[in-house]
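# Predicted structure and sequence below. I'll ask about it afterward.
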Amino acid sequence: MDGASVSSNSSTISIKKLLAVFAGGNLVCMILRLAGGLLVARVTRPETLGLFNGLSLVLGYVPFLQLGVINGLNRELPYYIGLDDKQKAHALAACAQAWALIVGTVVAAVLMGVAVCELYKGRHELAFGWLTQAWMAFQVVFIQLYLLVIFRTGGSFHRLTTSNVIQAVSSFLLIGVVWLYGFYGLCIRAVLVTLVALYTLWKWRPLKVKAVWDTESFKHLLKIGAPILAVGQIYLWWAVLDSTLVLKFKGVHGLGLYAVAIIAGTAIELVPNSLNQICYPRMAEEYGRSSSLRSLIRIIKKPMIYLSLAYVPVALAGWFIAPPVIRLVLPKYIDSIKAVQWTCVATVLLALSPLNLVFIVIKRLHLYLIAIMAGIGSYLISVFFVYRHDRDLSIFPKSLLIGRILFLLICFGMVKYFDMSKEYEVQA
């Protein structure tokens, strides 16, 4: 599909069919990643996994450096397609691609400098680790941000699903490299999987525009995307903050143990994330046509209800399956059992997360920020209060559960207020 053919044709396909294809593929990915994650944990020491995950924390801060330009593209590309202004949509995509290449290259160069410093000090393991993070930082900006926006807007979820499955299979097959080379194997595996992602996503991208710098397009995307990035990044930093606090209170060994809980949570998040990726461009496109809040709610209401009901048994299954599986497969990670159980419960709440897309589409980000900060605040209070009485690793997912409950309650309350007060009659 070339650039000219990207249109609102994705809206003719029902969300149920798209979710079935996309979530079905992601279910395969979830199984492979969960199995792969458990096998990696089995063949590595907690300290080794903790060191790799500790270095990888820098990637959680990299998206902020693109200043929101790609976040702006994520909102504006489907919106202008909804307005049937393809020329504007393609100009924005071309400018965002140029910016992604610039930012990714600069960040990679800085981290390569860190790697050189570590090599000069004779710390070969850390040097290799930072060199790996240099490439991973580039792929975060160009692959995970820019290319995925193009796929979601273009409606090419079948190709995106195929790429995800290929990546998951590659990641699983490369576990042998981790077993053979330990920390170096973790680095090699990460790089090779992202190279597979780059090849497949670039080859199959539905919007094939060349990188072209345009100052006006850049300013437009920055104006729209900077607030989205600021708020969205604060939400993402919640997870980074969680791992950071684990590292602070429990050390590298504790962060290595917590990796099992993160693996379980990441696997459970796949389907809600799939739903968000499908719904967001549809909602932006629909808002370009109707500027109606109720039309946005109709898009997500039923899928969100069905997913919430389906995830109740997921939480129960995770709670009862985790102890015997960890004792049998990961005897070195027994101390993570409670953390894994509570992570399953806390992650299930994300089935309700599609509602939060409403704030981004209708540009009510300041209110969304209030909900996020309330959730993070309650999480921090819980961690510091509970840690005085309980030093178990499970206090972190328990605190996440408390924070997410408050966060979602505030979001639901505000959307209900918008609807009742006709606040949805806002300018796009």
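Done, it's in. Residues are numbered from 1 along each chain as shown.
# C-terminal to the helix or strand hosting Tyr379, what's the next element?
Taking DSSP states H and E as the definition, one finds Tyr379 inside helix 365-386. Taking DSSP H and E as the definition, the helix or strand that follows helix 365-386 towards the C-terminus is helix 395-420.
# for that next one, which positions count as buried?
Applying a neighbour-count criterion of 16 or more other CB atoms under 10 Å, one finds 395-404, 406-408, 410-411, 414-415, 418 buried in helix 395-420. Placement of C-beta: from N, CA and C, glycine included.
# got the angle for that helix vs helix 365-386?
Here helix 395-420 runs at 150 degrees with respect to helix 365-386, directions being taken by axes from the mean of the first three to the mean of the last three CA atoms, to 10 degrees.
# and the host helix or strand of Glu118, which residues are buried?
Following DSSP H and E, the helix or strand that holds Glu118 is helix 86-120. Residues of helix 86-120 classed as buried: 88-100, 103-104, 107-108, 111-112, 114-115, 118 (neighbour count, 16+ other CB under 10 Å).
# Give the full set of residues in contact with Tyr79.
Listed by CB atoms under 8 Å, 6 or more residues apart in numbering, the contact partners of Tyr79 are 284-285, 287-288, 428.
# wait, Gly265
343-344, 346-347, 397.
# any idea where the helices of the stretch 151-300 of the chain begin and end?
When secondary structure is read from DSSP state H, counting those that start in this stretch, the stretch 151-300 of the chain shows helices at 157-173, 175-181, 183-204, 215-290, 293-329.
# And for stretch 52-63, what's in contact with it?
Residues outside stretch 52-63 that contact it (CB under 8 Å, 6+ apart) are 107, 111, 126, 129-130, 132-133, 136-137, 140-141, 145, 183, 186-187, 229, 233, 236-237, 239-240, 243-244, 247, 252, 255-256, 259, 262.
# if we can go back for a sec, alpha carbons only: can I get the helix holding Tyr379 in CSV?
Coordinates of the C-alpha atoms in helix 365-386 are reproduced here as CSV (Å, rounded to 0.1, in the frame of the first residue of the first chain):
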residue,chain,number,x,y,z
LEU,A,365,-5.1,16.6,28.8
HIS,A,366,-4.9,18.9,31.9
LEU,A,367,-7.7,16.9,33.5
TYR,A,368,-6.1,13.6,32.5
LEU,A,369,-2.9,14.8,34.2
ILE,A,370,-4.8,15.4,37.4
ALA,A,371,-6.0,11.8,37.4
ILE,A,372,-2.5,10.4,36.7
MET,A,373,-0.9,12.5,39.4
ALA,A,374,-3.5,11.4,41.9
GLY,A,375,-2.8,7.8,41.0
ILE,A,376,1.0,8.2,41.3
GLY,A,377,0.6,10.1,44.5
SER,A,378,-1.5,7.4,46.1
TYR,A,379,1.0,4.8,44.9
LEU,A,380,4.0,6.6,46.5
ILE,A,381,2.2,7.1,49.7
SER,A,382,1.3,3.4,49.8
VAL,A,383,4.9,2.3,49.1
PHE,A,384,6.5,4.4,51.7
PHE,A,385,3.9,3.7,54.3
VAL,A,386,3.6,0.0,53.8
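# Could you pull up the mean pLDDT of that helix?
In this model, helix 365-386 has an average pLDDT of 90.
# Tell me how far that helix lies from the chain's centre.
For helix 365-386, the gap between its own C-alpha mean and the chain's C-alpha mean amounts to 19 Å (CA atoms, centre = their mean, to the nearest Å).
# what do you get for stretch 350-360?
Mean C-alpha position of stretch 350-360 versus that of the full chain (CA atoms, centre = their mean) differs by 14 Å.
# Below-threshold pLDDT in this protein: ranges please.
Flagging of the chain using pLDDT under 70 yields the residue ranges 1-24, 26, 153-157, 419-428.
# one more time with 50, if that's ok
Within the chain, the ranges that satisfy pLDDT under 50 run 1-12, 424-428.
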